[in-house]
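Enquirer: With the sequence up front, the predicted model follows.
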Amino acid sequence: MNTPGLRYSWAAVLALLLCGAGTACLAQGMHTGTAGKSVEDPGAGRHRSDARTLVQFPPEVKRETLATMRMHLQGLAEIQQAMAAGDLDAAARVASMKLGMSSMHGDQAQQEARYMPPGMRELGARLHRQAGEFALAAQDAAATGDVRKAQVMLGQMMQTCVACHAAYRLK
């Protein structure tokens, strides 16, 4: 499906992904102003205004967790690119491999979960379940041509990431 409206919405999705759904730009004291230019946020850098729950990981677990999060973000970008190219089977494969339950790496996943508050663990589990549901929706869309459910599922996965990053921060 290659309509101008769809192209615009995928561009917006990509912009959100590249800016960490807005949270990374805000955390760096930047926000998007008119014409997509970044401007200084006068409230940036004030840690006392950061109401997110601080999650403390040992240094090695923190490095692994951040690497996993970057892999998830890369997966979302690859899914978006595959969908924009009309390759729904590839989008399904990426979701399964980089975000689905099979992307959880045994000991590492258990090690990370050990330090996560229950709400953070639930959001992580939700993301992995949604990735599996997305993969099925994308495979269905490849057969039927109706991408709406897959688009909704992709949005839900992204919202789960945004919710987690809005609620928690690593120390």
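Expert: Good, I have the coordinates.

Enquirer: for the nearest residue to Arg52 once chain neighbours are set aside, phi and psi?
Expert: For Arg52, ignoring the flanking residues on the chain, the nearest one in space by CB to CB, 6 or more residues apart in numbering is Arg169 at 4.5 Å. (C-beta placed from N, C-alpha, C; glycine too.) Main-chain dihedrals, Arg169, degrees, to the nearest 10: phi -140, psi 150.

Enquirer: Could you list the buried residues of stretch 69-79?
Expert: 69, 72-73, 75-79 (16 or more other CB atoms under 10 Å).

Enquirer: follow-up on the earlier one: give me every residue that touches the residue nearest to Arg52.
Expert: Listed by CB atoms under 8 Å, 6 or more residues apart in numbering, the contact partners of Arg169 are 50, 52-55.

Enquirer: Farthest pair within those residues?
Expert: Maximum pairwise distance in these, criterion CB to CB, is 12.7 Å, between Asp50 and Val55.

Enquirer: Ala92 reaches Ala143, doesn't it?
Expert: No: applying CB atoms under 8 Å, one finds Ala92 not in contact with Ala143, separated by 11.1 Å.
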